[in-house]
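In: sharing a model that was predicted from the sequence below.
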Amino acid sequence: MYAAIEAGGTKFVVAVADHDLNIVSRFKTATEHPEVVMPRIISFLQQFEIESIAVGSFGPIGVNPNLANYGKIKHTPKKGWQDFDFLGNLKRFFDVPIYWTTDVNIAAYGELKMGAAQGKKNIVYLTVGTGIGGGVIVDGQIMTGYSHPEIGHILMQPMAGDDFKGVCPYHAYCLEGVAAGPALGARAGKKAELLEINDPIWDTEAFYLAQGVCDLTVAFAPEMVIFGGGVSNQNQIFDKIRKSFKEQLNNYVDVPELDQYIVHAGLGNDAGIIGGLLLAKEIVQ
């Protein structure tokens, strides 16, 4: 059987599938301290004969096998997870191949193979929720370099009249700092999910997400930009993003029709776990 672990900032999702990728069991747990979460995950997986595991973790993480921090979660604000050796802990219990990458990368891969981007080769996946992260697929493969993309931390130009200072403790006025769920909450004085669909804050949100898509468009020339995550479940925002994107890009480069270019995740909240299972299968074939 194949296993996938989607280690998100809010919750962990773990699934086990058969050789046809039919999920036979699934487990969820809140993202508490690692000494609480990891024994739960290990105990769940030990019920099955696991052949391989794919892990997609919140970041930043060490993905370069030539560096000492490979397999570790690095500078996260989540208590207890700083410098945690995620991969090393798994290897103590499972002597099987393990694919190690970010949570947004496995979601991007899931969307490429079985979601909104089927038939594409070059895409960007963005998740907008408690934070903002992104995965980039180039020629059908997950893009990594010396490290991995941290798209949520691309720097923003302020919207005219917006004096919000940003909430990111590292970069303040980055995409995550001005457009993730906590930024929406700080602007509104209440949680993003409590905002009315006609609240003008959504226009501000759309401006910054569109600016992010402009940056990604000129940097990577993707065939599609896919949004997942809690904030992007606000369907009313997509037309606003497309409109603002068109204005900000100003026809500088060619892109597909916008309703086919800036889209919602086809697999919804299952994008990551499906992508993980696909990767787990591939590493042993």
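Out: Received, thanks. Residues are numbered from 1 along each chain as shown.

In: can you pull out the strands in the stretch 51-200 of the chain?
Out: All strands of the stretch 51-200 of the chain, identified by DSSP state E, counting those that start in this stretch, fall at 52-57, 72-73, 84-85, 98-102, 123-128, 132-138, 141-142.

In: list of residues touching the second one?
Out: The contact list for strand 72-73, computed with C-beta atoms under 8 Å, 6 or more residues apart in numbering, reads 57-62, 81-88. (Each C-beta comes from the backbone N, C-alpha and C, glycine too.)

In: what is the nearest of the residues you listed to residue 264?
Out: Nearest to residue 264 out of the contacts of strand 72-73 is residue 58 (C-beta to C-beta; 21.4 Å).

In: about what we covered before: and the contacts of strand 72-73, which is closest to residue 100?
Out: residue 87 (5.2 Å).

In: can you pull the contacts of that closest one?
Out: Taking C-beta under 8 Å, 6+ apart as the test, what residue 87 contacts is 55, 70, 71, 72, 98, 100.

In: name the member of those residues with the most neighbours.
Out: Neighbour counts for those, by other C-beta atoms under 10 Å, peak at residue 55, which reaches 26 neighbours.

In: does that residue touch residue 90 like I think?
Out: Yes - the pair residue 55 and residue 90 passes the contact test of C-beta atoms under 8 Å, sitting 7.1 Å apart.

In: need the residues touching each of those two.
Out: Shared contacts of residue 55 and residue 90, defined by C-beta under 8 Å, 6+ apart, are found at residue 98.

In: distance of residue 200 relative to residue 184?
Out: Shown here: residue 200 relative to residue 184, a distance of 12 Å by C-beta to C-beta, to the nearest Å.

In: one more: residue 32?
Out: Look at residue 32 and residue 184: by C-beta to C-beta, they are 25 Å apart.

In: likewise residue 70?
Out: 34 Å.

In: intersection of neighbour lists for residue 200 and residue 184?
Out: Both residue 200 and residue 184 lack any common contact, where contact means C-beta under 8 Å, 6+ apart.

In: isn't residue 99 right up against residue 278?
Out: No - assessed by C-beta under 8 Å, residue 99 is found out of contact with residue 278, at 9.9 Å.

In: quick check: neighbours shared by these two?
Out: With contacts defined as C-beta under 8 Å, 6+ apart, the residues shared by residue 99 and residue 278 are residue 54.

In: sorry, back to before: the more surrounded of residue 200 and residue 184?
Out: Using other C-beta under 10 Å as the criterion, residue 200 and residue 184 rank with residue 184 on top: 25 against 9.

In: how many residues are close by residue 239?
Out: By other C-beta under 10 Å, 13 other residues sit near residue 239.

In: pick the most buried one from the strands of the stretch 51-200 of the chain.
Out: strand 123-128 (a mean of 28; mean count of other C-beta atoms under 10 Å).

In: and the helix or strand of the chain with the lowest mean pLDDT with strand 132-138, angle?
Out: In the chain, no helix or strand scores lower on mean pLDDT, DSSP states H and E than helix 181-188, which sits at a mean of 93. Between helix 181-188 and strand 132-138, the angle comes out at 140 degrees (axes from the mean of the first three to the mean of the last three C-alpha atoms, to 10 degrees).

In: who does the helix or strand following helix 181-188 touch, helix- and strand-wise?
Out: As assigned by DSSP states H and E, the chain's next helix or strand after helix 181-188 is helix 201-220. Secondary-structure packing of helix 201-220 (3 or more C-beta pairs under 8 Å, 6 or more residues apart in numbering; DSSP states H and E): strand 123-128, strand 132-138, helix 175-179, helix 181-188, strand 224-228, helix 237-249.

In: tabulate the CA atom coordinates of helix 201-220 in PDB.
Out: Taking Å, rounded to 0.1, in the frame of the first residue of the first chain, the C-alpha atoms of helix 201-220 are listed here in PDB:
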ATOM      1  CA  ILE A 201     -12.300  44.100   1.600                       C
ATOM      2  CA  TRP A 202     -12.700  41.400  -1.100                       C
ATOM      3  CA  ASP A 203     -11.800  44.000  -3.800                       C
ATOM      4  CA  THR A 204      -8.500  44.700  -1.900                       C
ATOM      5  CA  GLU A 205      -7.900  41.000  -1.500                       C
ATOM      6  CA  ALA A 206      -8.500  40.500  -5.200                       C
ATOM      7  CA  PHE A 207      -6.000  43.300  -6.100                       C
ATOM      8  CA  TYR A 208      -3.200  41.600  -4.200                       C
ATOM      9  CA  LEU A 209      -3.900  38.100  -5.300                       C
ATOM     10  CA  ALA A 210      -4.100  39.400  -8.900                       C
ATOM     11  CA  GLN A 211      -0.800  41.200  -8.400                       C
ATOM     12  CA  GLY A 212       0.700  37.900  -7.200                       C
ATOM     13  CA  VAL A 213      -0.600  36.200 -10.400                       C
ATOM     14  CA  CYS A 214       0.900  38.900 -12.500                       C
ATOM     15  CA  ASP A 215       4.300  38.300 -10.900                       C
ATOM     16  CA  LEU A 216       4.000  34.500 -11.400                       C
ATOM     17  CA  THR A 217       2.800  35.000 -15.000                       C
ATOM     18  CA  VAL A 218       5.800  37.000 -16.000                       C
ATOM     19  CA  ALA A 219       8.200  34.800 -14.100                       C
ATOM     20  CA  PHE A 220       7.000  31.300 -15.100                       C
END
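
In: many thanks, have a good one.
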